[in-house]
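Q: Next comes the sequence, and after it the predicted model I'd like to discuss.
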Amino acid sequence: MVIDGHSMAYRAFFALPAENFQTKTGQHTNAVYGFLSMLLAMIREQQPTHIAVAFDTEVPTFRAEQYAEYKAGRDKTPDEFHGQIDLTKQVMAALNIPCIEVDGFEADDIVATMATQAAAQGWTARVVSGDRDTFQLIDDNVTVLYPMRGVSELPPFDAAAIEERYGVSPKQYPELAALVGETADNLPGVPGVGPGFAARWLKKYGSLQGILENIDEIGGKKGEALREHLDDVKRNRQLNALVTNMELPIELDDTEMVNPDRNLVSELFDALEFNTIRDRVFTTFEKELGNADDGADQDHDMPDTKVIDSSEAFAAFLAAVNEPIAVFSHINPPATVTRRKIPAPGDYGQIRAFSFATAQATAVIDLDSASRELGTAVADFLANDQYAKVVYDLKAMLKALATPPESAPLPARPDVNTSIVNVTDDVLLSGYILQPDRRGYELADLVQTYLNTRLETVSATSNQGQLNIEGLDDDANAKLLAQYARNAWMIHRLNESMDGQLAQRDAESLLHDLEIPLSVVLAKVELTGIGIDRQRLDSLLEGFTNEVDKAEQSAFASIGGQEVNLASPKQLQVVLFETLDMPKTRKTKTGYSTDADSLADLLEKTDHPFLHNLMSYRDATKLRQTVQGLLDSIADDGRIHTRFSQTAAATGRLSSLNPNLQNIPVRTPAGRQIRDIFVAGSNPHVDERTTLLTADYSQIEMRIMAHMSGDEGLIQAYQDGEDLHRFVGSQVFEVEPEDVTTSMRDKVKAMSYGLAYGLSSFGLSRQLRISVDEARELMSSYFDRFGDVQRYLRNVVRQARKDGYTQTMLGRRRYLPDLQSDNRQLREMAERAALNAPIQGSAADLIKVAMLGVQARLEKEALNSRMILQVHDELILEVVDSEIEAAEAILIEEMSSAATLKVPLDVQVGKGYSWHEAAH
DNA sequence: CGGACGACGTA
DNA sequence: CGTACGTCGTCCGA
């Protein structure tokens, strides 16, 4: 298959709307995307063994030399097309598809030469081109795929198809074209002669030569015109003849289809912001090349796998081991959770199989067929401090091991402190520390990045049916177990690679002393869950649902009974900006914004009741959704067990999911009602009432900024325990602290918080609804008083630009390549991220240290109270009533001593039956 | 069914 | 033109 790259990319450009394909840097990509998806379709349909793409070059062709007006008068190439040919070539390079271009020739000549060469070798050739001149190449061996509807349909043209369509043979088609002319190439033909007449003449006289020999016979106006434009016709015929015997810089054999360079493809697609097509690329090539086991070659050093089916065999395997063992556990349901398919509340998955790897040996255990003895032996091995272990996702293993089903051979090991010990590495967490801003940390992703090897993801068929060890002659089962073994081997190899990199950047302590121990604490927190008052939650749902209905009815009434979907911004835009003809708001990708700020603006300007009703509807639906989400995630034990992701936030923070308990409303009274349903539950270890204890850091990020900047004024204020915002206000506005008004305090408060996000004077002015000048004035007097803060913030960015990364107090790095970007928007975004990352990240480090400290103290003092939630700067404990004072002391001590800063770490504690009551 | 998008909750 | 997240509904395409 040989493709005319330029003509197809250009077709694709017009087939897809350029405005829908634009990267954040402003580069259009519609032609690249369209070309690529056409290419994939062609590969799938035609299954070529060899493939190449031909391109035109800038150098004028021999045709232009023969005829100066060749292709003159064409419309200017649209600006949006700019750069897309080059990007298309880059994509081809990543796909390992050769691009061919030769100065002085057109892509079509290359296509023609290659097709001719291929046919001469006895191959069949497929020519993909939007240029009808290629029709002349068609014969028994050569077919042209010519785009019809955009580039979505490329019907094959063979001799019969040309005959049917034009009434001439492919060989005669260029003669017909010469008579008719080609506007696109600025080759005028005979006026008044279209393909019909041309075909009739050709049929009658056999060929163009025949026509010329009998030219005087041809009567009528058209005959006259022909005689007048004979030179044009001859010239056209000369120019539309494709060159079939060029010297090419490549042999046909060098165009054999091979695997894409996956890393290059990923890198390039990241830049092009191609996401959905990525998998299509890989699956298309895999299918075409039939090489699903491609990566297997690179495992030649993988030791043979022993299938372990008895505790004796396991003991024998362990006896030969004298180094850290990589342990992989296959957990059902798989950790990959999609939006519409989340695991049932309280289901932490079951371990179905274990596999192990060292440099010398690999082994696999199918738990579905394992004996109770073997299951126990494995559990004992995990709990045995003598064996160092390397794992992937310790937290998931701990949780699954804590709650195996009755029937499983594995004994339940509910104590996460002892169930898996001596874990020296968790490659999931190592991956996060090395690259905290990656999208995914699936084992296969890490293997791809760090080992440049493909890893099959275990087939979903393992979800059902038994993995039966006796059935090892069963192909599918054997393959599955082999995959598990390979996973363990990959964990082993990943660890070798990552260990070195962690050492190089001095981040071992972050892994071993912080993240790995924290994952044990988090496992415990998740297993514990938080108590819920279900009755009150039910009645909240009812109340909010009523509010939604009421607001919806009022909203419809206020626009004359028209029933639109209030949850659809698209439909709202029609109502607001067309039906009601309101002033336009901020632009979004798909139109004009209908967000809360915009609605408030519109309300001010128009005072239309619909706006008010819509806002009520939005408030109520949001609350109802939150309540419904909570109800849906209550587990059988009546509690909600959120999951903490330890690898989600690029700054080092945790995140909470299924459900997210880190964004439960708190600002409005209605929202706070939801906090009231999180309550102190029963403790399984004591028959005693419990209370919720909350403890949060006060102004943690400001304190970190004071510490890191070394600003004496700020430090002094914190040491004196002053009301920080009042103090700053008095400095900025040059008044006595007692004379600082609420408005002054609010302004400096907004500014102080904003600083850590890279707030601009423009942003500040908008937020405070003051003029930009006033905001600028405010910032400059702020920095006059607190100059070290300004110097610090500037220096953070400067250092980050120099090093390529920022660093937290514990050495957690965040890489920010965009600091070097030519694109101002990207660069400035990276600068703000650089400003914020050390501050937010250090705060994250601190509370993680505090969590370890608190958990350790609770255990050391043998308390029954339990940690149940972390919300970035807040820890929540469910405390047995007799332990309230002890727990309170632990919280305060451990949180305030998490680090020694130049300022005190103030911790506020509150208690109550519910989360709401425990707020202070 | 999955992704993009707008919207909005938290720190 | 303020950082970091997760979830929901809609809309649209595979």
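A: Received it, and whenever you're ready, just let me know what you need.
Q: Next, give phi and psi for the residue in chain A that DNA strand C sits nearest to.
A: Nearest to DNA strand C, among the residues of chain A, is A:G763, at 2.7 Å (Cβ to the nearest atom of the strand). Where you see a C-beta, it was placed from the backbone N, CA and C, and this is true even at glycine. Note on A:G763: backbone dihedrals following degrees, to the nearest 10 are phi -60, psi -40.
Q: Nearest spatial neighbour of it, chain-adjacent residues omitted?
A: Nearest non-adjacent residue to A:G763, counting by Cβ to Cβ, 6 or more residues apart in numbering: A:G754, 6.8 Å away.
Q: Next up, the contacts around that neighbour.
A: Taking Cβ atoms under 8 Å, 6 or more residues apart in numbering, we find A:G754 in contact with A:763-764, A:767.
Q: in a helix, that's where it is, yeah?
A: Yes: assessed by DSSP: H, G, I helix; E, B strand; the rest coil, A:G754 belongs to a helix.
Q: Can you turn the buried subset of the contacts of A:G754 into a selection I can paste into PyMOL?
A: A single PyMOL command is used to select the members of the contacts of A:G754 judged buried by 16 or more other Cβ atoms under 10 Å:
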select buried, chain A and resi 764
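Q: Select the longest helix from chain A.
A: helix A:824-860 (DSSP state H).
Q: related to what we said a few turns ago, what pLDDT does the model give the residue of chain A closest to DNA strand C?
A: Here, the pLDDT recorded for A:G763 equals 87.
Q: and what of A:D294?
A: pLDDT at A:D294 comes out at 47.
Q: Give me the contacts around stretch A:205-225.
A: So stretch A:205-225 is in contact with A:172, A:175, A:178-179, A:190-193, A:197, A:201-202, A:226-227, A:230, A:233, A:237, going by Cβ under 8 Å, 6+ apart.
Q: and the residues you listed, which are buried?
A: For these, buried by 16+ other Cβ under 10 Å: A:172, A:175, A:178-179, A:190, A:193, A:197, A:201-202, A:226, A:233, A:237.
Q: I'd like these as TSV, with distance to A:V421, pLDDT and secondary structure appended.
A: Shown next, in TSV, are the buried ones among the contacts of stretch A:205-225 (distance: Cβ to Cβ, whole Å; pLDDT from 0 to 100; DSSP: H, G, I helix; E, B strand; the rest coil):
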residue	distance to A:V421	pLDDT	secondary structure
A:Q172	83	89	helix
A:E175	84	89	helix
A:A178	84	89	helix
A:L179	87	87	helix
A:V190	90	81	coil
A:V193	89	80	coil
A:F197	90	79	helix
A:W201	91	80	helix
A:L202	87	82	helix
A:L226	94	79	helix
A:V233	89	87	helix
A:R237	84	90	helix
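Q: Looking at the residues you listed, which is nearest A:M895?
A: Nearest to A:M895 out of those is A:A178 (Cβ to Cβ; 86.3 Å).
Q: Is it correct that the closest one is in contact with A:H229?
A: No: between A:A178 and A:H229 there is no contact under Cβ atoms under 8 Å: 10.4 Å.
Q: what touches both of those two?
A: With Cβ under 8 Å, 6+ apart as the test, A:A178 and A:H229 both reach A:G189.
Q: Lowest average confidence across helices and strands of chain A, where is it?
A: strand A:187-188 (a mean of 76; mean pLDDT, DSSP states H and E).
Q: Off-centre distance for that one?
A: Centre-to-centre, strand A:187-188 and its host chain are 51 Å apart (Cα atoms, centre = their mean, to the nearest Å).
Q: Please, where are all the helices along the stretch 601-750 of chain A?
A: A:609-632, A:669-675, A:700-709, A:712-719, A:724-733, A:742-755 (DSSP state H, counting those that start in this stretch).
Q: re the thing from before, please name every helix or strand in contact with the following helix or strand past the longest helix of chain A.
A: Counting by DSSP states H and E, the element after helix A:824-860 in chain order, helix or strand, is strand A:866-870. On a contact count with 3 or more Cβ pairs under 8 Å, 6 or more residues apart in numbering; DSSP states H and E, strand A:866-870 meets helix A:516-528, helix A:824-860, strand A:874-880.
Q: looking at those, which is closest to DNA strand B?
A: strand A:874-880 (6.2 Å).
Q: okay, and for chain A, where does confidence drop off?
A: A:73, A:149, A:291-300, A:333-343, A:457-474 (pLDDT under 70).
Q: For it, what lies in contact range of DNA strand B?
A: A:275-276, A:338-341, A:569, A:572, A:588-590, A:593-599, A:618-619, A:622, A:660, A:662-668, A:671, A:871-874 (Cβ under 7 Å from any atom of the strand).
Q: picking that back up, and the contacts of A:G754, which is closest to A:R689?
A: A:Q767 (44.3 Å).
Q: what packs against the host helix or strand of that closest one?
A: Element membership for A:Q767, per DSSP H and E: helix A:761-768. Helix A:761-768 is packed against helix A:742-755, helix A:772-785, with contacts defined by 3+ Cβ pairs under 8 Å, 6+ apart.
Q: who touches that helix?
A: Contacts for helix A:761-768 (Cβ under 8 Å, 6+ apart): A:746-747, A:750-751, A:754, A:759, A:770-772, A:774-776, A:778-779.
Q: Mark which of those are buried, thanks.
A: A:747, A:750-751, A:754, A:759, A:775, A:778-779.
Q: which residues touch stretch A:670-685?
A: A:530-534, A:536-537, A:540, A:544, A:619, A:623, A:626-627, A:630, A:638-640, A:664-666, A:689-692, A:864-866, A:878-880, A:913-917, A:919.
Q: So among those, which ones count as buried?
A: Here, 16+ other Cβ under 10 Å leaves A:530-533, A:537, A:540, A:544, A:619, A:623, A:626-627, A:630, A:639-640, A:664-665, A:690-692, A:864-866, A:878-880, A:913-917, A:919 buried among the contacts of stretch A:670-685.
Q: first vs last residue of stretch A:781-789, how far apart are they?
A: 12 Å (Cα to Cα, to the nearest Å).
Q: from the middle of its chain, how far away would it be?
A: 39 Å.
Q: Equivalent analysis for stretch A:134-153, please.
A: 38 Å.
Q: which ones are touching A:L852?
A: A:514, A:517-518, A:521.
Q: try 6 Å this time
A: A:P517 (Cβ atoms under 6 Å, 6 or more residues apart in numbering).
Q: Give me the subset of the residues of chain A next to DNA strand B that lies in strands.
A: Members of the residues of chain A next to DNA strand B lying in strands (criterion: DSSP state E): A:588, A:874.
Q: out of the residues of chain A next to DNA strand B, which touch DNA strand C?
A: Near DNA strand C, by the rule Cβ under 7 Å from any atom of the strand, you find A:276, A:339, A:660, A:662-663 out of these.
Q: Can you tell me the SS state at the residue nearest to the spatial centre of chain A?
A: Compute the mean C-alpha point of chain A, and by Cα atoms, centre = their mean the closest residue is A:R439, 4.8 Å away. Assigned with three-state DSSP, A:R439 falls in the coil class.
Q: measure it to A:A400 for me?
A: Shown here: A:R439 relative to A:A400, a distance of 24 Å by Cβ to Cβ, to the nearest Å.
Q: A:R794: which of the helices and strands packed on helix A:761-768 is closest?
A: Nearest of the helices and strands packed on helix A:761-768 (Cβ to Cβ): helix A:772-785, 10.2 Å.
Q: And the contacts of that closest one?
A: For helix A:772-785, using Cβ under 6 Å, 6+ apart, the contacting residues are A:731-732, A:751, A:761-762, A:764-765, A:790.
Q: what pairs with A:P188 across the strands?
A: For A:P188, the residues forming beta bridges with it (DSSP bridges) are A:G181.
Q: tally of neighbours for it?
A: 16 (other Cβ atoms under 10 Å).
Q: Does it touch A:L179 like I think?
A: No: A:P188 lies out of contact with A:L179 (Cβ atoms under 6 Å); the separation is 11.0 Å.
Q: Now do the buried residues in stretch A:885-897.
A: Neighbour counts over stretch A:885-897 (16+ other Cβ under 10 Å) mark A:886-888, A:890-892, A:894-896 as buried.
Q: from the residues you listed, which single one is nearest DNA strand B?
A: Nearest member of those to DNA strand B, counting by Cβ to the nearest atom of the strand, is A:M895, at 13.0 Å.
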